[in-house]
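Engineer: pasting a predicted model and its sequence here:
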Amino acid sequence: MTIFLNMAEENVIMKENNVIMMENNEYYDIISDSYDGLHHEEQANKIAIIRRELKPGDDDILLDLGAGPGYLELDCTIVRLDPSIRLLKQSKTGYCVLGKAESLPFKDNCFDYVVSITAMQNFNDIKKALSEIKRVARADSDIIISFLKRSGNADKITGLIKESLDVIRTIEEEKDIILIARNS
């Protein structure tokens, strides 16, 4: 796991079932037991779009940012980051890291792909999160970000993503806007 992490081993509080604990987020921990019933079908539609767009190889490494219970499955190594330990513990595959998008605990240029499904509108500092995404993604990495259309700051999020990344295509899904982009 140390190939991904940008922290000393002694800074890891606990390792349990591929979960590296760093910090916590109470809201998503509270709703974690009902998350699947509330969001699984909706997320499955977006994941189908992402699976059509991305074709990673076995040796590729993908960051699933705001991964929740880890619905995204592709034929590559997946590192899942979420602020909720209870959601991450529901993930059956991949490496799970407890953390926030604004301070990614990963080395520079270590991910071939970054995907964030319906999480961006929840970030405290979207501009900082996008800066972190650019930092950890390799040059020319494919990046897919979706966020809620009904979010009060959807236009702002779209603008910030377009300022930070090379947006190739925009897909409007039932509830989300999905931006297919590339790290420049």
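Structural biologist: Received, thanks.

Engineer: quick one: contacts of the lengthiest strand in the chain?
Structural biologist: As assigned by DSSP state E, the longest strand anywhere in the chain is strand 137-148. Residues from elsewhere that reach strand 137-148 (CB atoms under 8 Å, 6 or more residues apart in numbering): 46, 50, 53-54, 63, 109-121, 133, 154, 157, 161, 165, 173, 175-184. Heads up, the C-betas are built off the backbone N, CA and C, glycines and all.

Engineer: can you map out the helices along this structure?
Structural biologist: For the chain, helices defined by DSSP state H occupy the ranges 26-53, 85-88, 126-136, 154-164.

Engineer: which one of the ones you listed has the poorest average confidence?
Structural biologist: Mean pLDDT values for those show the minimum at helix 26-53, a mean of 65.

Engineer: where does pLDDT dip in this protein?
Structural biologist: Applying pLDDT under 70 to the chain flags the ranges 1-42.

Engineer: centroid residue for it?
Structural biologist: Compute the mean C-alpha point of the chain, and by CA atoms, centre = their mean the closest residue is residue 65, 1.2 Å away.

Engineer: what residues are bridge-paired with the nearest residue in space to that one that is not next to it in sequence?
Structural biologist: Using CB to CB, 6 or more residues apart in numbering and skipping residues adjacent in sequence, the residue nearest residue 65 is residue 116, 4.0 Å away. Using DSSP bridges, the beta-bridge partners of residue 116 come out as residue 145.

Engineer: i'd like the first residue to be 19 from this point on
Structural biologist: Okay, using 19 as the starting number, the last item reads as residue 134.

Engineer: count the neighbours of residue 134 for me.
Structural biologist: 23 (other CB atoms under 10 Å).

Engineer: and stretch 152-161, C-alpha only, in CSV?
Structural biologist: Only the C-alpha atoms of stretch 152-161 are listed here, as CSV (Å, rounded to 0.1, in the frame of the first residue of the first chain):
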residue,chain,number,x,y,z
LYS,A,152,-4.7,17.1,-10.6
ARG,A,153,-1.7,16.4,-8.3
VAL,A,154,-2.4,12.7,-7.8
ALA,A,155,-3.4,12.0,-11.4
ARG,A,156,-0.8,11.2,-14.0
ALA,A,157,-0.5,13.6,-17.0
ASP,A,158,-3.1,12.8,-19.5
SER,A,159,-5.1,10.7,-17.0
ASP,A,160,-8.8,10.3,-17.7
ILE,A,161,-10.9,11.8,-15.0
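
Engineer: hang on, the earlier thing: what's across from the residue nearest to the centre of the chain in the sheet?
Structural biologist: Here residue 83 sits in beta bridges with residue 99, going by DSSP bridges.
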